[in-house]
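A.B. asks: How does the following fold in three dimensions:
(2 chains)
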Number of protein chains: 2
Amino acid sequence: MYGHLRTDRLPEGYPQFFERGEGCHLWDVNGKRYVDFMCSWGPIVVGHGNPVVAEAVARQMAAGDCLNGPSERLVELAERLVGLIPHADWALFGKNGTDATTTCVTLARAASGKRKILVAEGAYHGAIPWCTPNQYGVTPEDRAHMLTFRFNDTGSLESAVQRAGDDLAGIVVSAFKHDFGKDQEMPDAAFARRARELCDANDAALIVDDVRAGFRLTMRGSWDLVGVQPDLSAWSKAIANGHALAAVTGNDRYREAASKLYVTGSFWCSAVSMAAALATLDVLESVDGPAHMRAMGQRLRDGIAAQSAEFGIGVRQSGPPQMPTVLFDDDPDCEKGNFFTLEALKHGAYLHPRHNMFLSTAHTEADIDFALNATREAFKALAAR
Amino acid sequence: MYGHLRTDRLPEGYPQFFERGEGCHLWDVNGKRYVDFMCSWGPIVVGHGNPVVAEAVARQMAAGDCLNGPSERLVELAERLVGLIPHADWALFGKNGTDATTTCVTLARAASGKRKILVAEGAYHGAIPWCTPNQYGVTPEDRAHMLTFRFNDTGSLESAVQRAGDDLAGIVVSAFKHDFGKDQEMPDAAFARRARELCDANDAALIVDDVRAGFRLTMRGSWDLVGVQPDLSAWSKAIANGHALAAVTGNDRYREAASKLYVTGSFWCSAVSMAAALATLDVLESVDGPAHMRAMGQRLRDGIAAQSAEFGIGVRQSGPPQMPTVLFDDDPDCEKGNFFTLEALKHGAYLHPRHNMFLSTAHTEADIDFALNATREAFKALAAR
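C.D. replies: All right, here's what the predicted structure looks like:
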């Protein structure tokens, strides 16, 4: 196994292979059931096997999926995204989050004729040489034009812009700071506005990587929450409830460049994933998915905070409630976190010790309370060590 | 629209949007039916909506697709590929052909600690900056370590190896020469053997890009036909009959490097595409897919050759019969080709004027004969101009 799904990044005892998913529940190949707080690392946003999505998928699959060109679903989905997302004047589609972020970076360079791309230190934007966190097999030239700044640090961003000089093509920012194993940080509004100004002043693209957070915090693009619109956004994970799909949305400034770029893949126009996306957006809008996930995430957070106080074991809970991270105080090697999540796993809650987790619209108050019973047992075991 | 599916690369009058596929037939959104010789640009290898694949897909979809880790389908498929493909000791999976070729290149560099990658002039290996045919948005550094040679030209390959010096990480070759708008060329056995020797002598990876041709010419990897085994192969298109899936297979020499590489995507372990691949391989093996496609492609080729002679209009037919290219003599701007394929389209055969086409196991003699009626009408119209 490889990548983020390899279990050697999880405490020993985590299941690697899964048999079934339904709503917010997951069964491993040994038949053990869990309340799932990873949601397949983000994609499952309206529940495993959501019936509205399943029906749209079955209907489209019976007609056709991968054809000699797109189906009308592509047009419907592009129009839907343009209608939902304030900055979006057009959309194009791919399969991986990395397809979307790479397309944004290439577009920024193509449109401007410039080369430098700014990214935040430690941010994850994909898994090919220009962005992968593991530099094994990567050459220095793959990152020759990447410069870094610190997320939410305006001075650091200004200094990186200065280093780029007249060669600044774009600034890539995550929806919020969601680095692996770190406390999460929401974007500061002044920082976001300054990023926008710097892009405007330098004819550069402001690119929001909304691959991980998109459609969980808001339906309008995560930086809409701080009142800043990007030029380009990268989307994937939650867009089609687990069906392989990614999207780039852009404003009119980048339309011509987008129309001249050569990006493609054998399955990029497949209709089933787009039918799934349309149904997923329907469900998210009809139940106000972001608000529901926020409420359920807050219930989980409040319960963990109370248990932390009860057992006198300090934790730090960070990030938006829909995508919570829980880290233990005085736990540099994540030893407490590993023990805790492994205990919770035994009691039927699938948590992650270091990565941000994910809520879905399928999580109910009863599911959260079931999980809080598991975390209470885990706190108890941690206290008893 | 963008990439290879944009219709501005086809003669005016080609349909852009499709409604339905069944077997070797395709319906556009206006309800017009075609016998399909593009097979979605390769992925459809056992027919649109193949019932064996559809049943496996529905069964897996009901259980679970995108979960917190892979299902047992991943292990079954990896074992299946290792059993089928002589050079394969392990497999990993992605979504795009570009994922697979990029992983091969990164692996070659990671394993060797060297940087230079040799590719054939004009060959297509994907659509991100290191390989896209359109350099818009690409920086020189993205290709800093790429060197080129001419396919089937041993002297040119030897000279490129010499230019790489002690920094040769790998040689990437297509299954055969299938460049856009050109006559196709099968690999010369002596050229293939020399590529293998040069990799062995330089501790470099021989990488076969079997994304387009894999599982159509043989089930064992296309260079098995010339008796040469690569170290790494990239697969996608036909592997899962239109479901988004790509694979890398490698030999034991690259196993350790593969286990250390960080490559991943949100949907790379999804179970449905792997269930689809297992069913697709079942069908291909049970009907001897490559032989059937060869016979049907040869029937089409023979028919077109006879019509060409009858009407005194010269054509060049090249490549394996399963993936035929038809180009007209004295047609530098493809003006004859465009007219011809547009006429054939009117009569219900969806051909491509420049790109190689694809057969599937769903094509019957009756379908070929129907298409030959369309091409006959097209020859007649071309002769009458």
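A.B. asks: Please name the bridge partners of residue A:93.
C.D. replies: Applying DSSP bridges to residue A:93 yields these beta-bridge partners: residue A:247.
A.B. asks: All the helices of the stretch 251-385 of chain A, in order from the start?
C.D. replies: A:255-260, A:271-286, A:289-311, A:335-346, A:365-384 (DSSP state H, counting those that start in this stretch).
A.B. asks: I'd like to know which of those is closest to residue A:212.
C.D. replies: When the helices of the stretch 251-385 of chain A are compared by C-beta to C-beta, helix A:289-311 sits nearest residue A:212, at 13.7 Å. Bear in mind the C-beta positions are built from the backbone N, C-alpha and C, glycine included.
A.B. asks: Give me the neighbour count for residue A:156.
C.D. replies: Look at residue A:156: counted by other C-beta atoms under 10 Å in any protein chain shown, it has 17 neighbours.
A.B. asks: any idea which helix or strand carries it?
C.D. replies: helix A:154-164 (DSSP states H and E).
A.B. asks: where's residue A:43 relative to residue A:171, distance?
C.D. replies: Using C-beta to C-beta, to the nearest Å, residue A:43 is found at 27 Å from residue A:171.
A.B. asks: Quick check: which of the helices of the stretch 251-385 of chain A is buried the most?
C.D. replies: Burial of the helices of the stretch 251-385 of chain A is given as mean neighbour count (mean count of other C-beta atoms under 10 Å in any protein chain shown); helix A:271-286 ranks first at a mean of 23.
A.B. asks: can you state the direction angle for that one and helix A:289-311?
C.D. replies: With axes from the mean of the first three to the mean of the last three C-alpha atoms, to 10 degrees applied, the angle from helix A:271-286 to helix A:289-311 works out at 70 degrees.
A.B. asks: What is the lowest-mean-pLDDT helix or strand in chain A packed up against?
C.D. replies: For chain A, using mean pLDDT, DSSP states H and E, the weakest element among its helices and strands is helix A:255-260, scoring a mean of 94. Judged by 3 or more C-beta pairs under 8 Å, 6 or more residues apart in numbering or on different chains; DSSP states H and E, the packing partners of helix A:255-260 are strand A:90-94, helix A:97-112.
A.B. asks: which of those sits most buried?
C.D. replies: Comparing the helices and strands packed on helix A:255-260 by mean count of other C-beta under 10 Å gives helix A:97-112 as most buried, with a mean of 28.
A.B. asks: helix or strand right after that one?
C.D. replies: Criterion used, DSSP H and E; the element after helix A:97-112 is strand A:116-120.
A.B. asks: Could you please name the strands the helix or strand just after that following strand pairs with and the direction of each pair?
C.D. replies: Next helix or strand after strand A:116-120 toward the C-terminus (DSSP H and E): strand A:146-149. Strand pairing for strand A:146-149, using DSSP bridges, gives strand A:116-120 (parallel).
A.B. asks: neighbouring contacts of the partner strand?
C.D. replies: A:105, A:108-109, A:125, A:131, A:145-151, A:157, A:160-161, A:163-165, A:167-174, A:177 (C-beta atoms under 8 Å, 6 or more residues apart in numbering or on different chains).
A.B. asks: doesn't residue A:132 make contact with residue A:138?
C.D. replies: Yes - counting by C-beta atoms under 8 Å, residue A:132 is a contact partner of residue A:138 at 6.6 Å.
A.B. asks: Looking at these two, which one has more neighbours?
C.D. replies: residue A:132 (23 against 18).
A.B. asks: Identify the residue nearest the more buried one in space, chain neighbours excluded?
C.D. replies: residue B:262 (5.3 Å; C-beta to C-beta, 6 or more residues apart in numbering or on different chains).
A.B. asks: which residues of chain A score low on pLDDT?
C.D. replies: Counting by pLDDT under 70, the ranges of chain A that qualify are A:1.
A.B. asks: what residue is smack in the middle of it?
C.D. replies: Per C-alpha atoms, centre = their mean, the C-alpha nearest to the average position across chain A is that of residue A:212, at 0.6 Å.
A.B. asks: so it makes contact with residue A:237?
C.D. replies: Yes - assessed by C-beta under 8 Å, residue A:212 is found in contact with residue A:237 at 5.8 Å.
A.B. asks: So for stretch A:231-241, what gets flagged as buried?
C.D. replies: A:231-241 (16 or more other C-beta atoms under 10 Å in any protein chain shown).
A.B. asks: Show the contacting residues for the residue of the stretch 201-350 of chain A found nearest chain B.
C.D. replies: Nearest residue of the stretch 201-350 of chain A to chain B (C-beta to the nearest C-beta) works out as residue A:264 at 2.3 Å. Neighbouring residues of residue A:264 by C-beta under 8 Å, 6+ apart: B:2-5, B:127.
A.B. asks: Number of residues surrounding residue A:59?
C.D. replies: Neighbours of residue A:59 (other C-beta under 10 Å): 12.
A.B. asks: Can you name the element that comes right after whatever helix or strand it lives in?
C.D. replies: Counting by DSSP H and E, the element that carries residue A:59 is helix A:51-63. Note on helix A:51-63: by DSSP H and E, the next helix or strand toward the C-terminus is helix A:72-84.
A.B. asks: List the buried residues for that next one?
C.D. replies: Of all the residues in helix A:72-84, those buried under the rule 16+ other C-beta under 10 Å are A:73-74, A:77-78, A:80-81, A:84.
A.B. asks: any idea of the angle it forms with helix A:271-286?
C.D. replies: 30 degrees.
A.B. asks: quick one: helix A:72-84 near chain B?
C.D. replies: Yes - Helix A:72-84 lies within reach of chain B by C-beta under 8 Å from any C-beta of the partner chain, at A:72, A:74-75.
A.B. asks: and those residues as a markdown table, adding distance to residue B:367?
C.D. replies: Shown next, in a markdown table, are those (distance: C-beta to C-beta, whole Å):
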| residue | distance to residue B:367 |
| --- | --- |
| A:72 | 26 |
| A:74 | 28 |
| A:75 | 30 |
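A.B. asks: which residues are common contacts for residue A:212 and residue A:237?
C.D. replies: The contact lists of residue A:212 and residue A:237 share A:42, A:97, where a contact means C-beta under 8 Å, 6+ apart.
A.B. asks: For the helix holding residue A:156, list the C-alpha coordinates in CSV.
C.D. replies: Output of helix A:154-164 as CSV, limited to C-alpha atoms (Å, rounded to 0.1, in the frame of the first residue of the first chain):
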residue,chain,number,x,y,z
THR,A,154,1.1,38.8,5.9
GLY,A,155,4.7,39.9,6.2
SER,A,156,6.0,36.5,5.1
LEU,A,157,3.6,36.6,2.1
GLU,A,158,4.7,40.1,1.1
SER,A,159,8.4,39.1,1.3
ALA,A,160,7.7,36.0,-0.9
VAL,A,161,6.0,38.3,-3.4
GLN,A,162,9.0,40.6,-3.4
ARG,A,163,11.3,37.6,-4.0
ALA,A,164,9.2,36.6,-7.0
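A.B. asks: which other residues reach it?
C.D. replies: Residues contacting helix A:154-164 (C-beta under 8 Å, 6+ apart): A:116, A:118, A:147-150, A:168, A:171, A:190-191, A:194-195, A:198, A:202.
A.B. asks: From these, keep the buried residues only.
C.D. replies: The neighbour count (16+ other C-beta under 10 Å) marks A:116, A:118, A:147-150, A:168, A:171, A:191, A:194-195, A:198, A:202 as buried among the contacts of helix A:154-164.
A.B. asks: Among these, which one lies nearest to residue A:314?
C.D. replies: residue A:150 (25.7 Å).
A.B. asks: Could I get the contacting residues of the residue nearest to residue A:91 when sequence neighbours are not counted?
C.D. replies: Excluding its sequence neighbours, the residue lying closest to residue A:91 (C-beta to C-beta, 6+ apart) is residue A:78, at 4.2 Å. By C-beta under 8 Å, 6+ apart, the residues touching residue A:78 are A:90-93.
A.B. asks: Tell me the spacing between residue A:78 and residue A:247.
C.D. replies: Distance of residue A:78 to residue A:247, computed by C-beta to C-beta: 9 Å.
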